[in-house]
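In: this one's sequence-less:
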């Protein structure tokens, strides 16, 4: 199917040359924060910044929250943070009726693998200890988009039994870029850009075959909780996400896989720019709510 008009508009100004140095990376990070700060955001009953064992986090708790979603932001491991994802996290909390904890893990190139998944583990351990004080009740879920989908998947693999469910939105999984969608569906996200992110993230060539970095290589996929896996039709990461869904189904994991037609990588976070973003957020809310046993908000 052809790109939807909103997707075509989003990629008109796309430029895939990666930053040349750390100064340009910092400039891009600052620009993303400024753009996010200028956008609208919903009120949530309670928003609290936390130091989770040395890992900054932000807790969004709607009134009557009865579950916990640990959100891991995308951005190619290199970009974005909890401020850039603030509006999306607020929508997720309000639609799901659950507390959302957004984790501000360390990013490369300053902090390469395994700093990010290690930070997630530290935050999870701290949050589990402090859950009664923070009022974090009910089942826990892991949620991530793009690189955050990688980290959410790795968190579930590293912490078996911790999560009642897992949500992966166009996850970034394959450092080898070995699927056909890198040639057929690279609209607004080039294979060169994807490769640059992996180069920043990995500390050594050996890291690129470590299941904690490349979780498609994991031999523990069959132990995952029920999983919602979302892909975009016009996204080089499409096929690796759908391959993961296929493997989970073959392994007996409860998996729901949805491809959003006409959409490009990154659409979920931009609720004002893509009509599909709100329905996806509500799909996520419906998926996690079924493991709590109460209707979503």
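Out: Structure's in. What do you need? Quick caveat, the model's predicted, so the values are computed rather than measured. Residues are numbered from 1 along each chain as shown.
In: what distance separates the longest helix belonging to the chain from the centre of its chain?
Out: Assignment by DSSP state H gives helix 115-134 as the longest helix of the chain. From the chain centre to the centre of helix 115-134 is a distance of 17 Å (Cα atoms, centre = their mean, to the nearest Å).
In: next SSE after that helix?
Out: strand 140-145 (DSSP states H and E).
In: That following strand pairs with which strands?
Out: Next to strand 140-145 in the sheet, as set by DSSP bridges, lie strand 68-72 (parallel), strand 165-169 (parallel).
In: hey, where'd the helices end up in the protein?
Out: With DSSP H as the criterion, the chain has helices spanning 5-11, 22-38, 86-96, 115-134, 147-158, 181-184, 191-201, 238-250, 277-289.
In: Lowest mean pLDDT across the ones you listed, which one is that?
Out: Lowest mean pLDDT within the helices of the chain: helix 5-11, a mean of 89.
In: List the contacts of the residue sitting furthest away from the middle of the chain.
Out: Taking Cα atoms, centre = their mean, the residue of the chain most remote from its mean C-alpha position is residue 133, at 26.6 Å. Contact analysis of residue 133 by Cβ atoms under 8 Å, 6 or more residues apart in numbering lists nothing. In this view, the C-beta of every residue, glycine as well, is placed from N, C-alpha and C.
In: any idea how far residue 161 is from residue 282?
Out: For residue 282, the distance to residue 161 equals 28 Å [Cβ to Cβ, to the nearest Å].
In: Comparing those two, which residue is more hemmed in?
Out: Neighbours per residue, other Cβ atoms under 10 Å: of residue 282 and residue 161, the larger number sits with residue 282, 15 against 8.
In: Surely the more buried one and residue 94 touch.
Out: No - between residue 282 and residue 94 there is no contact under Cβ atoms under 8 Å: 10.6 Å.
In: Pull out the buried residues from stretch 241-261.
Out: Under the neighbour-count criterion of 16 or more other Cβ atoms under 10 Å, stretch 241-261 has 241, 242, 243, 244, 245, 248, 253, 255, 257, 259, 260 buried.
In: of all these, which comes closest to residue 127?
Out: Proximity of those to residue 127 (Cβ to Cβ) peaks at residue 253, which lies at 24.5 Å.
In: If you drop the residues flanking it in sequence, what lies closest to the closest one?
Out: Using Cβ to Cβ, 6 or more residues apart in numbering and skipping residues adjacent in sequence, the residue nearest residue 253 is residue 224, 5.1 Å away.
In: quick one: strands adjacent to the biggest strand by length in the chain?
Out: Secondary structure of the chain per DSSP state E: the longest strand is strand 255-264. Here strand 255-264 has these sheet partners by DSSP bridges: strand 227-234 (parallel).
In: Just give me how far the partner strand sits from the chain centre.
Out: 12 Å.
In: Now do that strand, average pLDDT.
Out: For strand 227-234, the mean pLDDT works out to 98.
In: What are the contacting residues of that strand?
Out: With contact meaning Cβ under 8 Å, 6+ apart, strand 227-234 is reached by 1, 3, 7, 165-171, 185, 187-188, 237-238, 241-242, 244-245, 248, 253-265, 267-268, 280, 283-284, 287.
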